[in-house]
Each structure stands twice: as C-alpha cells, then as structure tokens.
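> One predicted model, sequence on top.
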Amino acid sequence: MSETLLNIKGIVKRFGGLTALNDVGLHINKGEVYGLIGPNGAGKTTLFNVLTGLYVPDEGEFTFAGHNLFQVKPDKVVKAGIARTFQNIRLFGEMTALENVMIGRHTRSHAGAIGSILRTPRVKKEEAAIAQKAYDLLEYVGISDVVDEQARNLSYGHQRRLEIARALACEPKLLALDEPAAGMNPSETEGLKHLMSKIRDDGVTILLIEHDVKLMMELCDRIAVLDYGQKIAEDFPEGIRTNPRVIEAYLGASHE
Ligand SMILES: Nc1ncnc2c1ncn2[C@@H]1O[C@H](COP(=O)(O)OP(=O)(O)OP(=O)(O)O)[C@@H](O)[C@H]1O
C-alpha cells in the first residue's frame, strides 16, 4: 500500500473575477515523482504557490504528512517539509554557491539571533556544520567545483542545480520543482533527469511542473493535467499520452 504524503481537496483560488483553480483535488504518494502539466495559463504555478503557502487558497482542504496546511504561511509549510524552486531562478547573485545553500540550511539552525551576533562557540560550531552540510549538498547535486563562485557567474544549468541544493538544505519530504529544465540544452536536461531520479531514490518525494513532455513521460510515476484551472486527467504517463481530453486541451490551446 502506498502512503499518502500530500492530499488536497476542492481547492479554489480566485484572482478577482478569475478562478485560477477550480475544485482541484489530488494526492501525492510518498516516494513518487508526481508531474503537473497543462497548457500555458492552466493554473500550474498557481497550484504550486498554493501548495507552498505563497498564495492563500479561498476554499478547500490541504493536508501534508499529518499537518493541516490549509491557509498556512510559507515558513510553516517549509517546516512541515515542503521546499521548492522557482520558475525564474531566485538566487542571491552576489553570494557564493556555498553561501546560497547555507542560507537554506539556516532554516534548520538553533543558534538564535543573539547567539549569531555574539558568535559564541556553539554558534561557530554550528556555522562550521552548516558549511560542511552545504558543501555536501553541492557535491550531491554535482557542482562542488564552483563552491566559491558567485551565483551570478554560474552557468544556467549550474544555477538550476544550486537552487535544488538550496531547497534540499531544508531537508524536505517533498521537493517541488517549477520548470527546472526550462532553458536547458538536451544534455543538461538528461543530467537533471538523473539528479531528480537520485533524489527520489534517496527518499524525497518530488512534485514537478515541466513543459518538456518527454522528460515528464520518462520520469514521472503519475501525472495530473490542468486545463483552465481544473484537473482534467490524472494517470500513469502512458494513460496521459493517449487521453483524448488531454490531447484536445493541448491541441485546442495555443501552446508550444
Ligand atoms: N497573482 C496573480 N494575479 C492575477 N492573476 C493571476 C496571478 N497569478 C496567476 N494568475 C492568472 O491565473 C491563471 C493561471 O496562471 P498560472 O501562472 O498558474 O498558469 P500556468 O499553468 O503556470 O502557466 P505557464 O505554463 O504559462 O507558467 C492565468 O490566467 C494567470 O493570468
């Protein structure tokens, strides 16, 4: 029996008169790669933002690993175990790769503000441990050769991997990746696919938005399709590929 990690029901999100998500329900099992696809403007990023606390849903239910996360703020969502990357890379360009990951790690430190200012032995020890862990994460995502480079000087593919390392620093149960392959060349995409498989094999469940359909078909255990804010299909990749409603949604939309 697969164990449910994330469960949402009847999620509604409105922006003024526009209903961006309309009665969306789905569950994600522990250990799977769950994909979210749909034409432009279908509501994928809005759903991501709801699941990571950035947008407050108007209606519905949202539970995750035993926590009720409905209308909960982003920091509580991270504490519950959901970490994310963004469609548009959001790194601190002036900071090194290592420092960018250390920031993610600080969400889990115990030193406190006073301790950090006084730089007590406890704080120094904790800082060293954070730096070591950050280095290990950079190695894990395959970019330990650029530890001391400023983030803004990294190649696009490396920046994407750095974002993943930073999200992993929160030790999430669920890693939510918003178009991680956007702008990558085929060999970078292939490398990213292997990284995501490794993360999943190491026990982190993955929620993935991606326009690269080939990548989604190869990587995802199950895929949900959104269209005009509604879930129109949810299936194994093969079922999605041949689903008439999905084909119609894609052919009917002005989509790449
Ligand atoms: N903050 C916002 N304010 C107003 N409308 C919004 C906001 N965010 C999203 N929308 C609208 O909600 C709808 C869904 O957008 P969303 O970005 O979630 O789609 P998407 O499936 O992620 O699209 P894409 O593939 O282009 O990223 C769109 O009509 C969009 O204009």
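Perfect, thanks for sending it.
> For the stretch 1-150 of the chain, which segments count as strands?
In the stretch 1-150 of the chain, the segments counted as strands under DSSP state E, counting those that start in this stretch are 4-15, 18-29, 33-37, 59-64, 67-68, 82-84.
> Output the ones you listed as JSON lines; include the columns mean pLDDT.
Output for these, formatted as JSON lines (pLDDT from 0 to 100):
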{"stretch": "strand 4-15", "mean pLDDT": "98"}
{"stretch": "strand 18-29", "mean pLDDT": "97"}
{"stretch": "strand 33-37", "mean pLDDT": "97"}
{"stretch": "strand 59-64", "mean pLDDT": "97"}
{"stretch": "strand 67-68", "mean pLDDT": "96"}
{"stretch": "strand 82-84", "mean pLDDT": "95"}
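> would you turn those strands into TSV with distance to Lys193 and mean neighbour count?
No exception for glycine: its C-beta is placed from N, CA and C like everyone else's. Below are the strands of the stretch 1-150 of the chain laid out as TSV (distance: least, Cβ to Cβ, whole Å; neighbours: other Cβ atoms under 10 Å):
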stretch	distance to Lys193	mean neighbour count
strand 4-15	22	18
strand 18-29	19	18
strand 33-37	10	24
strand 59-64	26	18
strand 67-68	30	13
strand 82-84	19	25
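> Save the ones you listed as a markdown table, and put in distance to Ile240 too.
Formatted as a markdown table, those follow (distance: least, Cβ to Cβ, whole Å):
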| stretch | distance to Ile240 |
| --- | --- |
| strand 4-15 | 19 |
| strand 18-29 | 14 |
| strand 33-37 | 8 |
| strand 59-64 | 24 |
| strand 67-68 | 30 |
| strand 82-84 | 23 |
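> okay if I get those as a markdown table plus distance to the ligand?
Formatted as a markdown table, the strands of the stretch 1-150 of the chain follow (distance: least, Cβ to the nearest ligand atom, whole Å):
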| stretch | distance to the ligand |
| --- | --- |
| strand 4-15 | 3 |
| strand 18-29 | 4 |
| strand 33-37 | 8 |
| strand 59-64 | 16 |
| strand 67-68 | 24 |
| strand 82-84 | 13 |
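> how about those strands, which one is nearest Glu179?
Distance to Glu179, taken as Cβ to Cβ, is lowest for strand 33-37 among the strands of the stretch 1-150 of the chain, at 10.3 Å.
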